[in-house]
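Q: coordinates for the following, if possible.
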Amino acid sequence: MIKVLGILGSPHPFGGSGSLLRCALYAAEELGCRVELVEVYGKRIEPCAGCVQDEEPTCRYPCIFEDEGRKILEQLREAEVYIFATPVYWYAPSGPLKILIDRMTALENMVAFGEPSYVEGKSVGVITVGADAGATLAGAYLLTVLNAMGAMVPPWAHAYSHRGQEALFDDRAVMDAINVGRLAAGLALRVRGEEGPLAYLEDRNLLRRIRERVWREKRTWEEENERGERARPSRS
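A: Have a look, this model is predicted:
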């Protein structure tokens, strides 16, 4: 079974990028893939120490740091599909996601030790949510870096929205995100020698079904957090 790993670079689990990421993952799930979502905010991910620049290469998997970043690197190595989603912070991905990208050098730099890059052959897609040209620039950055690490970029690999928290109600962005999930998974299936989609699908019923699923999950999450806030003792 194809494993699809969603990496969320937002502090808001059901904000714009989080909601669209779930749309992509659930579309891949409908193709029979196993999906998992990882949130980088709130995890201890040490910044890259630049070992790759040493005269004697020491940058290699699983990285020198024994932190939660190492666990995510393990998940990235095991997965066949990556879908990265992030809000746009000054034309770029969020800070915690950029730190993870830098740490992924430990996967890519295995080429210095006579092995293939551990990112080589992975199928990738990206989702960005932000204003103006930032959404395009952040997405282009992610796709460029992942491809430079050895990943494959399928057709229609980037979905974006300018509507922030309301991205789940941006029909075009939702349909694009669904296709990011479908086509990234489809490419991985093709590599395995199985049938998988590689053409954009415009399906309003699929859009409605997946959006309703994400919306229900969002409402449940909000209600649980609201109950948690009420249950906290007052400091007054």
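
Q: please count neighbours and contacts with C-alpha atoms only from this point.
A: Noted.

Q: and the helices in the protein?
A: With DSSP state H, the ranges of helices along the chain come out as 16-29, 68-78, 95-103, 105-108, 134-148, 171-191, 204-231.

Q: can you say which of those helices is nearest to P154?
A: P154 lies closest to helix 171-191 among these, at 5.8 Å (C-alpha to C-alpha).

Q: pLDDT of that closest one, averaged?
A: Averaged over helix 171-191, pLDDT sits at 98.

Q: relative to A185, how far out is the closest residue to I45 other than its chain neighbours?
A: Excluding the flanking residues, the one nearest I45 by C-alpha to C-alpha, 6 or more residues apart in numbering is G69, at 4.5 Å. For G69, the distance to A185 (C-alpha to C-alpha, to the nearest Å) stands at 24 Å.

Q: more crowded one of the two?
A: With neighbours defined as other C-alpha atoms under 10 Å, G69 and A185 compare such that A185 has more, 35 against 22.

Q: okay, now Y82: neighbour count?
A: Using other C-alpha under 10 Å, Y82 has 27 other residues around it.

Q: distance check, it against E66.
A: Distance from Y82 to E66, by C-alpha to C-alpha: 22 Å.

Q: contacts for stretch 105-124?
A: Outside stretch 105-124, the residues that touch it by C-alpha atoms under 8 Å, 6 or more residues apart in numbering are 52, 57, 59-63, 73, 76-77, 79-84, 143, 146, 149-154, 157, 184-185, 187-188.

Q: ok, the residue nearest to I45 - contacts?
A: 43-46, 100, 103 are the contacts of G69 under C-alpha under 8 Å, 6+ apart.

Q: show me the shaky parts of the chain.
A: 54-55, 228-236 (pLDDT under 70).

Q: let's see it at 80
A: Counting by pLDDT under 80, the chain has low-confidence residues at 53-57, 227-236.

Q: gap between stretch 32-50 and the chain center?
A: Averaging C-alpha positions (C-alpha atoms, centre = their mean, to the nearest Å) puts stretch 32-50 9 Å from its chain's average.

Q: repeat that for stretch 185-201.
A: Centroid separation for stretch 185-201 versus its chain: 19 Å, with C-alpha atoms, centre = their mean.

Q: how far does it stretch from one end to the other?
A: 14 Å.

Q: do you know how far M149 is from I64?
A: M149 is 19 Å from I64, where distance means C-alpha to C-alpha.

Q: again, but for Y160
A: Using C-alpha to C-alpha, Y160 is found at 34 Å from I64.

Q: quick one: which of these two has more around it?
A: Between Y160 and I64, counting by other C-alpha under 10 Å, Y160 is the more crowded of the two (30 against 16).

Q: middle-most residue in this protein, spatially?
A: Nearest to the geometric centre of the chain sits F84, at 2.0 Å (C-alpha atoms, centre = their mean).

Q: thank you, goodbye.
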